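Q: Need coordinates for the below:
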Amino acid sequence: MIAETVCSAVSAAGLGIAAVTAYRRRFLTAARIAAYSLIPVALAMTGVVGWLADTAFSPTAWAGFGLLGAAWLLFASTRAVERRRGGTRKERKETARAAERGAVAPAASAPSLGPGQSARPSGRPAAKASGSDDDFSDIEAILKKHGI
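A: Numbers count the residues shown, from 1 in each chain. A predicted model of the protein is given here:
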């Protein structure tokens with residue numbers, strides 16, 4: 001009973017504000033305010049306000065909302081863990097099988113590849129051998145570029 005009275009008062013105040021807005025010749029805004037102000041009365045007439053009032057003061061309903069929140073947290077955390085691991089269990093098994101088939105490192109030496117297989121594909125040029133002087137050549141170039 002109190003909830004319906006409060007909803008009626010809120011709607012009446014909203015309609016009053018809409019009337020003042022329409023008097024100022026801002027009809028579009030007045031129509032929007034009137035639409036918003038009719039919502040509380042409509043909810044009270046349909047019984048939603050009574051249902052919400054009964055739900056708000058029910059410990060069983062709050063326990064249900066708590067369980068819904070816990071379920072949502074479980075779903076969200078399992079989704080985050082699944083994304084970190086890289087997919088579903090089926091996808092991880094397929095990745096592991098593919099890794100077992102091609103278990104040799106990409107730049108492996110010829111003996112580990114087995115007889116008759118080359119360490120490098122024929123389309124790629126051989127990499128330049130790096131000595132101790134070449135290790136820091138990139139760093140030196142960057143420092144020279146910045147005048148250091």
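Q: Scan the chain for its longest helix.
A: Longest helix in the chain, counting residues (DSSP state H): helix 59-85.
Q: which SSE is residue 53 in?
A: helix 48-56 (DSSP states H and E).
Q: That helix to helix 59-85, inter-axis angle?
A: Between helix 48-56 and helix 59-85, the angle comes out at 80 degrees (axes from the mean of the first three to the mean of the last three C-alpha atoms, to 10 degrees).
Q: what comes up buried for helix 48-56?
A: residue 49 (16 or more other C-beta atoms under 10 Å). For the C-beta atoms, the positions are set from N, CA and C on the backbone; glycine is no exception.
Q: what mean pLDDT does that helix have?
A: In this model, helix 48-56 has a mean pLDDT of 85.
Q: That one packs against which elements?
A: helix 2-23, helix 27-46 (3 or more C-beta pairs under 8 Å, 6 or more residues apart in numbering; DSSP states H and E).
Q: Name the next helix or strand downstream of the longest helix of the chain, please.
A: helix 89-101.
Q: pLDDT score assigned to the residue lying closest to residue 50 once chain neighbours are set aside?
A: Sequence neighbours aside, residue 3 is the residue nearest to residue 50 in space, at 6.7 Å (criterion: C-beta to C-beta, 6 or more residues apart in numbering). Note for residue 3: predicted pLDDT of 82.
Q: for residue 128, same thing?
A: Here, the pLDDT recorded for residue 128 equals 52.
Q: What is the least confident helix or strand in the protein?
A: Lowest on mean pLDDT, DSSP states H and E among the helices and strands of the chain sits helix 110-113, with a mean of 57.
Q: Surely residue 40 and residue 12 touch.
A: No. In this structure, residue 40 is not within contact of residue 12 by C-beta atoms under 8 Å, at 9.8 Å.
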